[in-house]
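Engineer: build me a structure from this.
(chains A and B, ligands or ions: 1)
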Amino acid sequence: MRRACKAILGSLSDYLEGEASEQVCNKIEEHLKGCKMCQMHVDNMRLIITMYKRWRDVDIPRALSLRIEQVIANEIGRLSRDRKAGSRRARRRKK
Amino acid sequence: MQTLKQDLHSASTCADCSGGVMVATQKVSDEALVKRAKRGDGSAFGELMRRYQNKIYRLARRMTQTDEDAEDVVQEAFVKAFRSLRGFREKSRFSTWLYRITVNLALMKLRKRKPEVVSLDEPISTEEGKMHRELEDEATNPLERLLERESAEVLDAAVEALPPAYRAVFILRHVEGLSTEETARILGISVAAVKSRLHRTRLMLQQKLFHYLRSQTKRR
Ligand SMILES: [Zn+2]
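Structural biologist: Below is the predicted model of the structure:
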């Protein structure tokens, strides 16, 4: 890998996400114009990211969502019972 | 003392009372819901769950790559979040905290499945030079053609081959679109480490896809 390529690689993630500063963007784009290798890498990554975002882009299954709600409801119930038991113990200690 | 509301009953899942409640809860911030949930308000935690369950499910599925493991991870993540909510000091956003729990659970699942073969400090082989040279020979980008043809299968294989720690960084930063800083906070590593892992992940992904491409060409 050439030194010039290495110099831009660190900022490439920001560049791909459109979050690099204008100065960094210019530097990268200037390099890409003259470097087919890096241009290819950028193109490939854009493609991979776009495809990957589409992949497995589904909502949580309804059955799972309901099951988790039930599990959490049980947790809340347990917590509530623990608290009540705790305050009963505290009252008994006072007497 | 605040009474404990036991109902997780949600407006969004109940046909009888959707509408009004939803509108009322829509503008409540995560922070406010966290505070209410900490005081024992079950419906506030239910609302947080509804806000994040799809995101958490997608993250878990992309990390574990199987439906079964993803379902376990999501359930464990919410139970863990519920149980440790009192210890959440709200120095980071709730979503960051929840993502962190989820990623850690997913990484644990992956660790149980098979040992991480590539060390994080191990340099990547320099096949990339060769790869680029071969890619350059083609008039049009062969990777593009490959992904157009069979994207799901190919990407599955490429991501599967990534060591879990790299997979996490790639998914959080590029798929979930989180900032480098937030990705670092979720994974508990430095910004510099995120950047270097991302760079290596990009090269690994491209290399994997290229190998796949080459084996395909040979087969034909
Ligand atoms: Zn270059």
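Engineer: where does pLDDT dip in chain A?
Structural biologist: Low-confidence segments of chain A, defined by pLDDT under 70: A:1, A:94-95.
Engineer: how many neighbours does B:M63 have?
Structural biologist: Neighbours of B:M63 under the rule other Cβ atoms under 10 Å in any protein chain shown: 23. Placement of C-beta: from N, CA and C, glycine included.
Engineer: assumed it was part of a helix.
Structural biologist: Yes: under DSSP: H, G, I helix; E, B strand; the rest coil, B:M63 sits within a helix.
Engineer: mind checking pLDDT for it?
Structural biologist: At B:M63, the pLDDT value in this model is 92.
Engineer: tell me the contacts of the closest residue to it other than its chain neighbours?
Structural biologist: Spatial nearest neighbour of B:M63, chain neighbours left out: B:A106 (3.8 Å); criterion: Cβ to Cβ, 6 or more residues apart in numbering or on different chains. Contact analysis of B:A106 by Cβ atoms under 8 Å, 6 or more residues apart in numbering or on different chains lists B:59-60, B:63-64, B:69, B:73, B:164, B:168.
Engineer: run the last query once more with 7 Å
Structural biologist: Counting by Cβ atoms under 7 Å, 6 or more residues apart in numbering or on different chains, B:A106 makes contact with B:60, B:63-64, B:73.
Engineer: do the same with A:E29
Structural biologist: Contacts of A:E29 (Cβ under 7 Å, 6+ apart): none.
Engineer: try the one 10 residues further on
Structural biologist: When contacts are counted by Cβ under 7 Å, 6+ apart, A:Q39 is found next to A:L32.
Engineer: SS state for it?
Structural biologist: Going by three-state DSSP: A:Q39 is helix.
Engineer: ok, now how distant is it from A:H31?
Structural biologist: Taking Cβ to Cβ, to the nearest Å as the measure, A:Q39 and A:H31 are separated by 9 Å.
Engineer: now do the helices in chain B.
Structural biologist: Along chain B, counting by DSSP state H, helices occupy B:20-26, B:30-38, B:42-64, B:67-84, B:94-113, B:127-137, B:142-160, B:164-170, B:180-187, B:191-219.
Engineer: tell me the angle of the fifth one relative to helix B:67-84?
Structural biologist: Direction vectors for helix B:94-113 and helix B:67-84, defined by axes from the mean of the first three to the mean of the last three Cα atoms, to 10 degrees, enclose an angle of 130 degrees.
Engineer: just flag the most distant two among the contacts of B:A106.
Structural biologist: Of all pairs drawn from those, the widest gap by Cβ to Cβ lies between B:M63 and B:V73 and measures 7.4 Å.
Engineer: burial count for B:E68?
Structural biologist: A count of neighbours around B:E68, defined by other Cβ under 10 Å, yields 9.
Engineer: chain B contacts on chain A?
Structural biologist: A:9-10, A:12-14, A:16-17, A:36-37, A:40-41, A:43-45, A:47-49, A:51-53, A:55-57, A:59-60, A:64-65, A:67-69, A:71-73, A:75-77, A:80, A:83 (Cβ under 7 Å from any Cβ of the partner chain).
Engineer: and with 6 Å instead?
Structural biologist: Counting by Cβ under 6 Å from any Cβ of the partner chain, chain A comes close to chain B at A:9-10, A:13, A:36-37, A:40, A:44-45, A:47-49, A:51-53, A:55-56, A:59-60, A:64-65, A:68-69, A:72-73, A:75-76, A:80.
Engineer: please report the distance of the residue nearest to B:I171 when sequence neighbours are not counted from B:L155.
Structural biologist: In this structure, B:I171 finds its nearest non-sequential neighbour in B:R62, 5.1 Å apart by Cβ to Cβ, 6+ apart. As judged by Cβ to Cβ, B:R62 and B:L155 stand 10 Å apart.
Engineer: ok, B:V28 next?
Structural biologist: B:V28 is 37 Å from B:L155, by Cβ to Cβ.
Engineer: with B:L143 instead?
Structural biologist: Where B:L155 is concerned, B:L143 sits at a distance of 11 Å (Cβ to Cβ).
Engineer: chain center to the helix or strand where A:S80 lies: distance?
Structural biologist: Element membership for A:S80 (DSSP states H and E) is helix A:62-94. Put simply, helix A:62-94 sits 31 Å off its chain's centre (Cα atoms, centre = their mean, to the nearest Å).
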